[in-house]
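**Q** Return atomic coordinates for the entry below.
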Amino acid sequence: MSDSYYERVNDSEEPAGAASRFVSTIHTQGAWQETEQHMAAASGVIAHELLRHEPREDMRLGRISFEILGMIPRGEFTIEVETVRPGRTIELLEATMTANGRPCIVARAWRLKHTDTTAVEHHADRPMPGPEHTEPARAMDVWPGGFIRSLDIRAVEELSPGSGRCWIRNPYNTVHGEPSYDLARLIGMVDTANGIAPVVEPGGDYAFPNVDLQIHFYREPTGQWLGLETVVNTGGDGVGLTSSVLHDENGPFGRAQQLLTLRPMPSAQTTSQGPGTAADGAGSQTDASVSTAASTSADTR
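**A** Predicted structure coming up:
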């Protein structure tokens, strides 16, 4: 069993500056389909490559945005990073993840110059109880896939539809044989926010994948524990939003947003046609039901 989420497979004869090639391990397996990667794992390896790209000690990441262009297949893929806006005090980086000849994620990251602003430092977000005050989050057991199984997920209190607070960590390196950045490790768990307190039941009448992930950092985080203080809002027209305050063990450090596309599943449409079918599709929390319900959504982003 691998001790990492990814392995780098670059050919030693490839020219300098060529896109980095990777292969995913079982620990990246998604919750929507067994043949895809979880977006959280993919965002972690993209962040790893952004942090390796022309690093500057006088700058840090202030925001990273991921546009999810479609399903993220397991197996081999490439990541190419470039500086699209160089500068002395701000820089904009872009990373593209490509699999099977198709871009599946485009990420952009603002890198900002360090400045001493301790005199005006202020955090309106409040700390939440630390991981030592938590219990295993059994509500997450409904989600299948190797990535979710790789996580230690602990709830501050019982998770409920639409809101929840939990702590998450993982035991694996981002890339085999390479030091893991704390920031990349933490970014590589943020996307799980969409699954900790869903408004609709996983595997039930609706699928609710996110089409993006936006993360802002007002403080540079450290450590291996990611705290999520998450709320979910859904509209009546097929669009929703998962919003999270992000924490490390020192307190809050940023915020994340995920735009959701809510899609009625065929089983839900069938159950609405007559009373005899109500027990057939809704309410099942098996791995198969979550995977089947989500596969239609993931295939047609």
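**Q** Every contact and neighbour count from this point should use C-alpha atoms.
**A** Fine.
**Q** Please tell me how far the residue nearest to the spatial centre of the chain sits from R185.
**A** Centroid check for the chain by Cα atoms, centre = their mean gives D191 as the closest residue, at 2.2 Å. As judged by Cα to Cα, to the nearest Å, D191 and R185 stand 12 Å apart.
**Q** low-confidence ranges in the stretch 1-150 of the chain?
**A** By pLDDT under 70, the weakly predicted segments of the stretch 1-150 of the chain are 1, 11-17.
**Q** residue ranges for the strands of it, please.
**A** 4-8, 20-24, 59-68, 76-85, 90-99, 102-113, 135-136 (DSSP state E, counting those that start in this stretch).
**Q** Return the most buried member of the ones you listed.
**A** Among the strands of the stretch 1-150 of the chain, the stretch with the highest mean neighbour count (mean count of other Cα atoms under 10 Å) is strand 4-8, at a mean of 21.
**Q** packing partners for it?
**A** Packing partners of strand 4-8 (3 or more Cα pairs under 8 Å, 6 or more residues apart in numbering; DSSP states H and E): strand 20-24, strand 173-175.
**Q** just checking, what packs against the longest one?
**A** It refers to strand 20-24. strand 4-8, strand 76-85.
**Q** mind listing what the longest one pairs with, with the direction of each?
**A** Going back to what we said before, that points to strand 76-85. Next to strand 76-85 in the sheet, as set by DSSP bridges, lie strand 20-24 (antiparallel), strand 90-99 (antiparallel).
**Q** Make a markdown table out of those strands and add distance to I72.
**A** Listed next are the strands paired with strand 76-85 as a markdown table, based on distance: least, Cα to Cα, whole Å:
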| stretch | distance to I72 |
| --- | --- |
| strand 20-24 | 11 |
| strand 90-99 | 7 |
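**Q** circling back to that earlier point, with respect to M39, which of the strands of the stretch 1-150 of the chain lies nearest?
**A** strand 59-68 (8.4 Å; Cα to Cα).
**Q** Run through the residues that contact P86.
**A** L92 (Cα atoms under 8 Å, 6 or more residues apart in numbering).
**Q** please renumber so the chain begins at 36
**A** All set: I'll call the first residue 36, so the last point we hit is now P121.
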